[in-house]
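Engineer: starting from these lines, generate the structure:
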Amino acid sequence: MEVTVIVCDVCKRREVPAKRYTLSCDDGREVVFDRCTDDAGALEALLPNKQAAAPEASTSKQGEPVPPPAKPQVRTPDAKEAKKTKRRRGTARFATLDEIEAMKKKDA
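Structural biologist: Okay, here's the model as predicted:
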């Protein structure tokens with residue numbers, strides 16, 4: 001039986017759970033860090049939050065911070081538009097051919 005224990009690279013405490021972080025570059029270089037929650041602050045600051053899964057990097061090639069992409073504005077309909085777009089539910093409207101012809105004559 002084999003047991004693997006991940007220990008923080010900084011504090012080396014076995015009783016504290018640690019996470020494995022992998023940093024890689026486009027040219028193929030890769031570095032692996034094992035850090036506990038106390039020592040992982042700098043690495044966690046580089047990662048986006050789980051809710052905001054933004055794949056873009058936070059800095060440009062010149063080292064300047066890149067602003068986050070603007071969220072699209074969601075336009076809420078005003079009262080008039082909301083009234084126009086409401087659908088009646090539950091009652092289907094049926095009309096005979098004679099009723100349809102009468103409605104056409106009435107509109108004309």
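
Engineer: measure residue 10 to residue 103 for me?
Structural biologist: Taking C-beta to C-beta, to the nearest Å as the measure, residue 10 falls 79 Å from residue 103. Any C-beta I mention is one placed from the backbone N, CA and C, and that applies to glycine too.

Engineer: neighbour count: those two, which is higher?
Structural biologist: Ranked by neighbour count (other C-beta atoms under 10 Å), residue 10 and residue 103 place residue 10 first, with 14 against 11.

Engineer: correct me if wrong: the more buried one contacts residue 37.
Structural biologist: No: judged on C-beta atoms under 8 Å, residue 10 makes no contact with residue 37 at a distance of 11.6 Å.

Engineer: quick one: residues in contact with the biggest helix by length in the chain.
Structural biologist: Criterion DSSP state H: the longest helix present in the chain is helix 97-107. Contacting residues not belonging to helix 97-107 are listed as residue 95 [C-beta atoms under 8 Å, 6 or more residues apart in numbering].

Engineer: where along the chain do the strands fall?
Structural biologist: 18-24, 30-36 (DSSP state E).

Engineer: mind putting those strands into JSON lines with distance to residue 6, mean pLDDT and mean neighbour count?
Structural biologist: Formatted as JSON lines, the strands of the chain follow (distance: least, C-beta to C-beta, whole Å; pLDDT from 0 to 100; neighbours: other C-beta atoms under 10 Å):
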{"stretch": "strand 18-24", "distance to residue 6": "5", "mean pLDDT": "88", "mean neighbour count": "13"}
{"stretch": "strand 30-36", "distance to residue 6": "5", "mean pLDDT": "89", "mean neighbour count": "15"}
